[in-house]
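>>> fold the following for me, if possible:
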Amino acid sequence: MDDILRLDAVGQARAVRERLVSPRELAEAAIARIEARDGELNAVVHPRFERALAEADDLPEHAPFRGVPILLKDLGWQQAGEPYSAGSRVCDGLRIDRDGHGVTRLREAGFLILGRTNTPEFGSTISTEPVAFGPTRNPHDPAYSAGGSSGGSAAAVAAGMVALATASDGGGSIRIPASFCSLVGLKPTRGRVSLGPAQGEGWNGFSCPGFVTRTVRDTAAALDLVSGYVPGDPYAAPPLPRPLAEEAGADPGRLRIGYVTAHPRGDVPEVPELVEAVTGAAALLSALGHDVAPGCPEALGEPDFPLHFGAIVADNLAALVESLGPARGRAVELDELEPRNAAMVATARGRSAAAHLLAAQWIDGFRRRMAAWWAAGHDLLLMPSVGVAPFPLGWIPPEDLSTAFGRTAHVVAFTSPVNATGQPAVSLPLHRTRDGLPVGVQLVAAAGREDLLIRVAAQIEAARPFEHPAL
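Numbers count the residues shown, from 1 in each chain. Below you'll find the model as predicted:
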């Protein structure tokens, strides 16, 4: 069964259709892999193995992913009747009363949900080390972080527990763990995937649901399943010309690509291994026939961006904490939160509604200034996925908040602006450090152009197949 577990989700679905394996056998093999590896990695925090096996024999016969195991990030991706922790002790005992739209579509497609994956408390940081569940370890080196906030999902996919897992990205939380775990991680265009019925938007639209996968075609196929406007959503992404699955392998044409190796804001230390990753990717794209040259939107270097972005994230965190009071029967006290989140909530409570709206309006202008670069004729922007090299667990100190916030700002320097603009971006596993740790590179397209990202990502994958040594 190891050979089948090494297949991507599309391959596993084909194996089930061709009766090389039954849904139950595939689920049992995935569960065995989780039980064998998760003691070290700590990726799965809420297993539902018995319930999944009970469902395995009653899946829709013609569902496209019938019997393919999947794990859900324990933040968003609500599943009726299941525990929901969001990485926090204050959610202990909470259960979801109805499926989110994305989970409904995954179940209709035949995926077999094996459990929920670890995430930092409320997904507010970039390393998965919650007090509630302990750290998730990187399968490539257990001393290192798997990233966050989708670190549990990324570790599980990289270790071969499942072929793909759900994720979400509010400041880099798909692309950062994808980079650290040698995976494909695509943050969709804002509004591409509905957050309903529980939410209209996350973090003022910064946060988007998605997946971490081992292949481009899995990312494309999974996004096809969950994408689409749902009546009542606050906005919709521009429609795609055809399913993303049909874009994998399609000719992207000759693209105009700008790239940047050092952050133009000037306050993020340049990392030689990230420079190597981006310049290597630029050379590959040039060899594939694209016009590649240094360059990026001038707005990317604006010094006020981190202040406004951080204010909006903190305000949304404070609102989330406030909303938990009725669900748990008593208000959440600051000392119940991890120090990082307590500090953010306290700061947000001292900010006026007018200040929040002014920050949001600044981001509106930033989005237009960024978009002008694509509108002027560029197709893609190539950057590091993460602003620092892979780091060990504990590098983001829980008590030294000045150091923690400073290091976090460096990590998300290349990802968070794309959350603010709502554009799609993908991290691809194209480089390794001298110690063999994965380093991803990021491609950013104009709003609505996931089709272009899938085309060029598949072209890169064909030219330089991605390696997954942690399987």
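>>> contacts, neighbours, all on C-alpha from now
OK.
>>> who are the contact partners of the residue nearest the centre of the chain?
The residue lying closest to the centre of the chain (C-alpha atoms, centre = their mean) is Ile174, at 1.6 Å. With contact taken as C-alpha atoms under 8 Å, 6 or more residues apart in numbering, Ile174 is in contact with 148-150, 167-168, 185-187, 210-212.
>>> mind checking the SS state of Asp335?
Assigned by DSSP: H, G, I helix; E, B strand; the rest coil, the conformation of Asp335 is helix.
>>> so which of the contacts of Ile174 are in strands?
167-168, 185-187, 210-212 (DSSP state E).
>>> residues in contact with the nearest residue to Leu452 once chain neighbours are set aside?
Counting by C-alpha to C-alpha, 6 or more residues apart in numbering, Leu452 lies nearest to Pro252, which is 6.5 Å off, once chain neighbours are set aside. When contacts are counted by C-alpha under 8 Å, 6+ apart, Pro252 touches 452, 455-456, 459.
>>> Ala248 and Val444, how far apart?
17 Å (C-alpha to C-alpha, to the nearest Å).
>>> same thing with Leu437?
Leu437 is 23 Å from Val444, by C-alpha to C-alpha.
>>> can you pick out the residue with more neighbours from the two?
Val444 (26 against 19; other C-alpha atoms under 10 Å).
>>> doesn't Leu380 make contact with the more buried one?
Yes: assessed by C-alpha atoms under 8 Å, Val444 is found in contact with Leu380 at 5.5 Å.
>>> helix or strand with the lowest mean pLDDT in this structure?
helix 2-5 (a mean of 92; mean pLDDT, DSSP states H and E).
>>> hmm, who's touching that helix?
11-12, 15, 26, 29-30, 160-163.
>>> what do you get if the cut-off is 10 Å, keeping everything else the same?
By C-alpha atoms under 10 Å, 6 or more residues apart in numbering, the list of residues contacting helix 2-5 from outside reads 11-12, 15-16, 20-21, 26-27, 29-30, 33, 68-69, 160-163, 471.
>>> equivalent analysis for stretch 295-304, please.
The contact list for stretch 295-304, computed with C-alpha under 10 Å, 6+ apart, reads 257-261, 263-267, 305, 362, 365-374, 378, 380-383, 413-414, 417-418.
>>> cutoff 6 Å now
Outside stretch 295-304, the residues that touch it by C-alpha atoms under 6 Å, 6 or more residues apart in numbering are 258-259, 264-265, 369-370, 373.
>>> in strands, which of those residues fall?
258-259.
>>> separate out the buried members of the contacts of stretch 295-304.
Among the contacts of stretch 295-304, those buried by neighbour count (16 or more other C-alpha atoms under 10 Å) are 258-259, 264, 369-370, 373.
>>> can you put the residues you listed in a markdown table and add distance to Gly228?
A markdown table is the format used below for the buried ones among the contacts of stretch 295-304 (distance: C-alpha to C-alpha, whole Å):
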| residue | distance to Gly228 |
| --- | --- |
| Gly258 | 30 |
| Tyr259 | 31 |
| Pro264 | 35 |
| Arg369 | 27 |
| Met370 | 25 |
| Trp373 | 27 |
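>>> farthest pair within these?
Pairwise distances across the buried ones among the contacts of stretch 295-304 (C-alpha to C-alpha) peak at 17.5 Å, for the pair Tyr259 and Arg369.
>>> run me through the strand neighbours of the helix or strand harbouring Arg116, direction for each.
Assignment of secondary structure by DSSP states H and E places Arg116 within strand 112-117. Next to strand 112-117 in the sheet, as set by DSSP bridges, lie strand 44-47 (antiparallel), strand 69-73 (parallel).
>>> quick check: which of those is buried the most?
Sort these by mean neighbour count, taking mean count of other C-alpha atoms under 10 Å, and strand 69-73 sits at the top with a mean of 28.
>>> avg pLDDT for that one?
Strand 69-73 shows a mean pLDDT of 98.
>>> next one: stretch 118-137
Across stretch 118-137, pLDDT averages out at 98.
>>> ranges for the helices of the stretch 201-350 of the chain?
For the stretch 201-350 of the chain, the helices defined by DSSP state H, counting those that start in this stretch cover 216-226, 272-287, 305-328, 339-349.
>>> how far away from the center of its chain is the longest one?
Computed by C-alpha atoms, centre = their mean, to the nearest Å, the separation of helix 305-328 from the middle of its chain amounts to 19 Å.
>>> what comes into contact with that helix?
Residues from elsewhere that reach helix 305-328, judged by C-alpha under 6 Å, 6+ apart: 203, 331-332, 344-345, 348, 359.
>>> show me which of those are buried.
Buried among the contacts of helix 305-328 (16+ other C-alpha under 10 Å): 203, 332, 344-345, 348, 359.
>>> out of these, which is nearest to Phe466?
Nearest to Phe466, judged by C-alpha to C-alpha, of the buried ones among the contacts of helix 305-328 is Trp203 at 32.2 Å.
>>> and the gap between that closest one and Phe366?
To Phe366, Trp203 is 16 Å away according to C-alpha to C-alpha.
>>> from Gly253, how far out is Thr128?
As for Thr128, its distance to Gly253 is 39 Å (criterion: C-alpha to C-alpha).
>>> and the strands in the stretch 51-200 of the chain, which stretches?
Here the stretch 51-200 of the chain has its strands, by DSSP state E, counting those that start in this stretch, at 69-73, 112-117, 137-138, 141-145, 164-169, 184-187.
>>> nearest approach to Ala56 belongs to which of those strands?
Of those, nearest to Ala56 by C-alpha to C-alpha is strand 112-117, at 7.0 Å.
>>> which residues are contacting that closest one?
43-49, 52, 67-74, 152-153.
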